[in-house]
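Q: Build the 3D model from these lines:
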Amino acid sequence: MDSRFTQLRLDPKGATPLYQQLARQLEHAIETGAWEVGEALPSERNLADTLDVSRITARKALDCLAELGLIRRSRGSGTFITPRLNQSLTRLVSFTELLTQRGFTPSSQWLERRLANPNAEESMRLGLGADAQVARLKRLRLADEVVMAVEDSCLPVSVMPDPQSVETSLYAVLEASGKPVTRALQHVTAINADAELAVLAEVAEGQALLKVTRLGYLADGTPAELTITYCRTDYYDFMVELTR
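A: As a prediction, this is how the structure comes out:
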């Protein structure tokens, strides 16, 4: 028997249904790293036989994990642990740094890296004049080859004169150039993916996404970055720690 299953303790006489007990314990095991991203879980039949529960119990437990976005089912291949990010809203961190800290391999698929004229909203938020130029950076953000988010960044050309210089981490490039973003305001809303966004994010049209709008500032208070990120809700969580 896989030693990881010996840690699971189900109580048939307990008030909580067995499938919920199993789902909660599997969730805890996944969150604490007992299974790695991309690793396959046993089939419903093997899970049921190993833990001496019914296949219905095993199936309902896996259904719960799927609803939480912790696993994905691939017809003919099996059930696999999905990448999942828990990002704090109280700490400024780059996507690349966040993924690396969580043990994922970050990558980007570039859609746009060029100089352009800002639109009205970008000009207003970044405090730019009518004749200003911006660096426009648009890409898919991936973790272990899975699309996690669609990211669209806009920076004044004074902050980012060469958009082609950004290969992985935008914040690392700004840090190296002596113009790090030291503070940011972030606004999170829910939207439904339109046809274009659905294709990019690899989700169904109309599926809920988190729209995260971040306005970053340099140390002197100058607006330096406007980034809009559309995050897949099946892979992405935002966390706020409250104290008193």
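Q: Would you mind measuring from the nearest residue to A34 once chain neighbours are set aside to S169?
A: What sits nearest to A34 in space, not counting adjacent residues and going by CB to CB, 6 or more residues apart in numbering, is R4, at 5.0 Å. Placement of C-beta: from N, CA and C, glycine included. Going from R4 to S169 by CB to CB, to the nearest Å gives 34 Å.
Q: Of the two, which one has the most company?
A: A direct count of neighbours by other CB atoms under 10 Å for R4 and S169 places S169 higher, at 18 against 11.
Q: Go ahead and confirm the more buried one touches E97.
A: Yes. With contact defined as CB atoms under 8 Å, S169 and E97 form a contacting pair (6.9 Å).
Q: Check the contact lists of these two and give me the overlap.
A: Common contacts of S169 and E97, defined by CB atoms under 8 Å, 6 or more residues apart in numbering, are absent altogether.
Q: can you list the weak-confidence ranges in this protein?
A: Low-confidence segments of the chain, defined by pLDDT under 70: 1, 83-96, 98-99, 101-103, 235-244.
Q: Would you map the helices across it?
A: Applying DSSP state H to the chain gives helices spanning 18-31, 44-51, 55-67, 95-101, 120-126, 170-176, 195-201.
Q: Mind putting those into CSV with distance to R183 and mean neighbour count?
A: As requested, the helices of the chain are exported to CSV (distance: least, CB to CB, whole Å; neighbours: other CB atoms under 10 Å):
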stretch, distance to R183, mean neighbour count
helix 18-31, 30, 18
helix 44-51, 47, 16
helix 55-67, 36, 18
helix 95-101, 16, 17
helix 120-126, 15, 15
helix 170-176, 13, 17
helix 195-201, 28, 14
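Q: Mind putting those helices into CSV with distance to S74?
A: Listed next are the helices of the chain as CSV, based on distance: least, CB to CB, whole Å:
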stretch, distance to S74
helix 18-31, 17
helix 44-51, 14
helix 55-67, 12
helix 95-101, 22
helix 120-126, 40
helix 170-176, 33
helix 195-201, 19
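Q: Ok, which of those comes nearest V157?
A: helix 120-126 (10.7 Å; CB to CB).
Q: Which secondary structure elements does the closest one sit against?
A: With contacts taken as 3 or more CB pairs under 8 Å, 6 or more residues apart in numbering; DSSP states H and E, helix 120-126 sits against strand 146-156, strand 223-232.
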